[in-house]
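Colleague: pasting the structure only:
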């Protein structure tokens, strides 16, 4: 296997990286300036200045709060969430050699729902465990169940996926049982699903938790970029190339699980991004993971920020579930990419 | 507002027209006895009663409590869908009645009581998509089903969620419910008395805040949130809380049709309500079901704490019963009226 037949073109790489960064910053700027509350652009920048550098511009407390505490933290977390979900999807698709693999395939969202319900309705963990903490523990518990099941079943990639399906069903059933038998009747019943993705509750502390997780996990993934390329030909082929298959699998499954579980515990489940962005990125930059992984991170981030803006403004005074928006606008966009890819080949 | 104003004008006209007949003694003080078989229109269906029901299953706390208030507790053979403990004044009546389920009862649990009337407060329990049973399921067993008009008149229950009201709820729908129970059980006198009592309480609360001060003040009613800091379920423009606000001349800041739309706090900040009504409940499904967490959020959040209503401590705690169509709705009108008065917003 020759990995890089052509010498890297550094100026072009730097230009692309700068362009990606610019696109990301533009998306965040849009997210900060667009919203239900009409705030002049100059005021928005003054509020940012106040928040970041403590400049002390005279901005009303409500506008300051909306720009800095609501919109900016929300945009940054949307970026982190979209980026890590797309990254997780790319890794899982490579490890499992399945184009339908996505971050929740290992039962993480189902387990998180059960964990949240256990904390809220059963009072599990007393006052120590928060809802997010419960969701995180539930996600990890589900992952452990799926991992045991998958290992017991032989550990091949289709067995891992089947174990994930079985684990998800089990934890979903547990959640439904708890909610229907123990919660008392009340309205607002449309929302039975606990962790339907939503960025509404995001504040700065969430960003401080998610940022290091995303950066460290991204670093670990990038260190395995070449190994992932080898996995494209199957675990056996990778082993014959000198890859420590078992160790790499454990490290990478654990990394995606930590990223996904962290995001689920903060914002809930957002479908589509982790499944589709990796494919879109592959059409753009090809299958080599050294390029694919950062591309996924950036496209996922930008896509999620834009989707979140739409979820806030499409219906006046009302929030659309973010998952609806990602599918509503992502699916046609993806169809277009598929169509053009067919024409190109 | 305009609709209820028009409704008021219409009913005043009706009273004016009826006065000569009243004077002529055409309408006697004593309501007429029901003649069976009685057929009434209920949620688009004709329901016929051959005699006054003696074995009733009530699916929904509001229906149960209206029956207790009409002194019909001895006719109940089963209750279900409880939101909170039964009202104090009905505790004795409720003690002897079997509770089939706290939440949704099964179809079999209901029909096993051999009821001759099944009454529900929500169409999603008994209706086209009824999870307890559809109307024709009960009809096949010759069990008449009566759903509160408050959940089907001017309300579309075909979608998921809490339904969408196309017209604003009014207490008139609850009064119709009571009046029709009066007919069905042949207790029209008691029904009329109960309606008169509730109407008098409504009028008293409205009078307490009459004046320009409370007119058009922006108000929102916060039910709960999936995440305390996250988007909130606020009362939509046509539901029971919206009626409470309209009755007192306040303006609901939310203008969407859904019963409890999910609204971001930025939208609330944009509208900057003068009064925030916070709903208190026993349910613990979402963290923000807990009133203390809601109040704490209002005081500590970077934006919410800066809202006029919070800075001036104009927060009204309303019991969840008031947000449902029933006897307790009037409690909500009284609670908000008291709040508006105590904040000095009414003159």
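Modeller: Arrived safely. Note that this is a predicted model, so its numbers are computed, not measured.

Colleague: can you get me a residue count around residue A:341?
Modeller: Residue A:341 sits with 13 neighbouring residues when counted by other CB atoms under 10 Å in any protein chain shown. (Glycine included, C-beta is placed from N, CA and C.)

Colleague: show me the contacts for the closest residue to it other than its chain neighbours.
Modeller: Sequence neighbours aside, residue A:283 is the residue nearest to residue A:341 in space, at 5.4 Å (criterion: CB to CB, 6 or more residues apart in numbering or on different chains). Neighbouring residues of residue A:283 by CB atoms under 8 Å, 6 or more residues apart in numbering or on different chains: A:337, A:340, A:341.

Colleague: average pLDDT for the helix or strand residue A:283 falls within?
Modeller: For residue A:283, the element it lies in under DSSP states H and E is helix A:273-285. On average, the pLDDT along helix A:273-285 is 92.

Colleague: next: stretch B:327-336.
Modeller: pLDDT averaged over stretch B:327-336 gives 95.

Colleague: what does that stretch contact?
Modeller: B:62, B:65-66, B:69, B:87, B:171, B:174, B:198, B:201-202, B:205-206, B:219, B:240-241, B:243-245, B:247-248, B:250, B:275, B:277, B:316-319, B:321-323.

Colleague: likewise stretch A:123-134?
Modeller: Stretch A:123-134 is contacted from outside by A:115, A:116, A:118, A:119, A:120, A:137, A:265, A:266, B:227, B:287, using CB under 8 Å, 6+ apart.

Colleague: picking that back up, ok, which of the contacts of stretch B:327-336 also contact chain A?
Modeller: residue B:323 (CB under 8 Å from any CB of the partner chain).

Colleague: any of the contacts of stretch B:327-336 buried? List them.
Modeller: Neighbour counting with 16 or more other CB atoms under 10 Å in any protein chain shown marks B:62, B:65-66, B:69, B:87, B:171, B:174, B:198, B:202, B:205, B:219, B:240-241, B:243-245, B:247-248, B:250, B:275, B:277, B:316, B:318-319, B:321-323 as buried within those.

Colleague: give me the subset of those lying in helices.
Modeller: B:62, B:65-66, B:69, B:171, B:174, B:198, B:202, B:205, B:240-241, B:243-245, B:247 (DSSP state H).

Colleague: tell me the one of those nearest residue A:24?
Modeller: residue B:241 (42.0 Å; CB to CB).

Colleague: need the contact list for that closest one.
Modeller: Neighbours of residue B:241 in contact, by CB under 8 Å, 6+ apart: B:221, B:235, B:252, B:277, B:318, B:322, B:323, B:332.

Colleague: what is the most widely separated pair among the ones in helices among the buried ones among the contacts of stretch B:327-336?
Modeller: The span of these, defined through CB to CB, is set by B:69 and B:245 at 24.9 Å.

Colleague: what stretches of the stretch 1-150 of chain B score poorly on pLDDT?
Modeller: By pLDDT under 70, the weakly predicted segments of the stretch 1-150 of chain B are B:1-30.

Colleague: mind listing the strands for it?
Modeller: Assigned by DSSP state E, counting those that start in this stretch, the stretch 1-150 of chain B shows strands spanning B:38-42, B:45-49, B:56-59, B:76-80, B:117-120, B:145-147.

Colleague: now the phi/psi pair for the spatially closest residue to residue B:261 that is not a sequence neighbour, please.
Modeller: Take residue B:261 and drop its neighbours on the chain: the residue closest to it by CB to CB, 6+ apart is residue A:318, 4.7 Å away. The phi/psi pair for residue A:318 (degrees, to the nearest 10) reads phi -140, psi 150.
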